[in-house]
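Peer 1: sequence and predicted model, in that order:
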Amino acid sequence: SLGSTSAVGNIVAGLVLTYMRPFVSDDFVEISGLRGTVESRGTFSTRLKTVTNEIISIPNASVSTNHIINFSRMVEKGGVNVGTSVTIGYDVPWRKVHELLIAAAAGVPDVLENPPPKVLQLSLDDFYVKYKLIVTTKYPERRFPIRSNLHQNIQDQFTKADIEILSPHYRSNRDGEETTIPARGKSASEES
């Protein structure tokens, strides 16, 4: 009885998906937090192929009751954004950081020139400013390699400019100052 209820629910959900058409085969989508290319949509389930070549079957009842993001349709309307964040110290002028991040985006395959890459300043933290670089692509299924190439280019650009990337935390080297650790053999009370 319970099994047949579940089966009927998946069949009905499959029919609803057929008429709603939120995606078709070969669309790159996100369903329930899972991203992949739609391999097939059957009577009972929808199959996605992830960027790591895993095949995931999602019951149609779950598909129809969860959020669906269709990246392929976003491509038709201008492209899909891919972003990454970096933190840089306050000693570096923000205009220079923007310039280096835009330069890093310029050499990445599959990134569109129009719209141009953009840089946002997300926060002013204790020791650094957090920046986000956003680029646009027509290939949402290539998000991982695009992000990887962005990271490589960002490191190269900032290394050439002799600018330290402070992600995730700032670390200070001591300039001859004594540490707060008591000398060997003396207790904290003897030090004071």
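Peer 2: Arrived safely, thanks for sending. Residues are numbered from 1 along each chain as shown.

Peer 1: going by C-alpha atoms from here, please, whenever you check contacts or count neighbours.
Peer 2: Fine.

Peer 1: so where do the helices sit in the chain?
Peer 2: Listed in chain order, the helices of the chain (DSSP state H) span 2-20, 60-65, 71-76, 94-106, 143-160, 188-191.

Peer 1: can you tell me which of those helices has the worst average pLDDT?
Peer 2: Lowest mean pLDDT of the helices of the chain: helix 188-191, a mean of 50.

Peer 1: can you tell me the closest non-neighbouring residue to residue 121?
Peer 2: residue 131 (4.5 Å; Cα to Cα, 6 or more residues apart in numbering).

Peer 1: now the end-to-end length of stretch 137-148.
Peer 2: 14 Å (Cα to Cα, to the nearest Å).

Peer 1: give me the neighbour count for the closest residue to residue 97 other than its chain neighbours.
Peer 2: Of all residues beyond its chain neighbours, the one nearest residue 97 is residue 88 (7.8 Å), with distances taken as Cα to Cα, 6+ apart. The tally of other residues near residue 88 (other Cα atoms under 10 Å) stands at 23.

Peer 1: ok, residue 134 next?
Peer 2: 19.

Peer 1: what about residue 161, distance to residue 109?
Peer 2: In this view, residue 161 and residue 109 are 22 Å apart by Cα to Cα.

Peer 1: before we move on, the earlier item: residues in contact with the residue nearest to residue 97?
Peer 2: Going by Cα atoms under 8 Å, 6 or more residues apart in numbering, residue 88 touches 97, 128, 129, 130, 131, 164, 165, 166, 167.

Peer 1: so how do I select the buried members of these in ChimeraX?
Peer 2: One line in ChimeraX is enough to select the buried members of the contacts of residue 88, burial here meaning 16 or more other Cα atoms under 10 Å:
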select :97,128,129,130,131,165,166
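
Peer 1: make JSON lines out of the contacts of residue 88 and add distance to residue 137.
Peer 2: Shown next, in JSON lines, are those (distance: Cα to Cα, whole Å):
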{"residue": "97", "distance to residue 137": "22"}
{"residue": "128", "distance to residue 137": "29"}
{"residue": "129", "distance to residue 137": "26"}
{"residue": "130", "distance to residue 137": "23"}
{"residue": "131", "distance to residue 137": "20"}
{"residue": "164", "distance to residue 137": "28"}
{"residue": "165", "distance to residue 137": "25"}
{"residue": "166", "distance to residue 137": "27"}
{"residue": "167", "distance to residue 137": "25"}
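
Peer 1: out of the contacts of residue 88, which comes closest to residue 77?
Peer 2: Residue 77 has its nearest neighbour among the contacts of residue 88 in residue 131, at 26.2 Å by Cα to Cα.

Peer 1: if I look at that closest one, how far off is residue 105?
Peer 2: In this view, residue 131 and residue 105 are 14 Å apart by Cα to Cα.

Peer 1: kindly report the same for residue 98.
Peer 2: Taking Cα to Cα as the measure, residue 98 falls 11 Å from residue 105.
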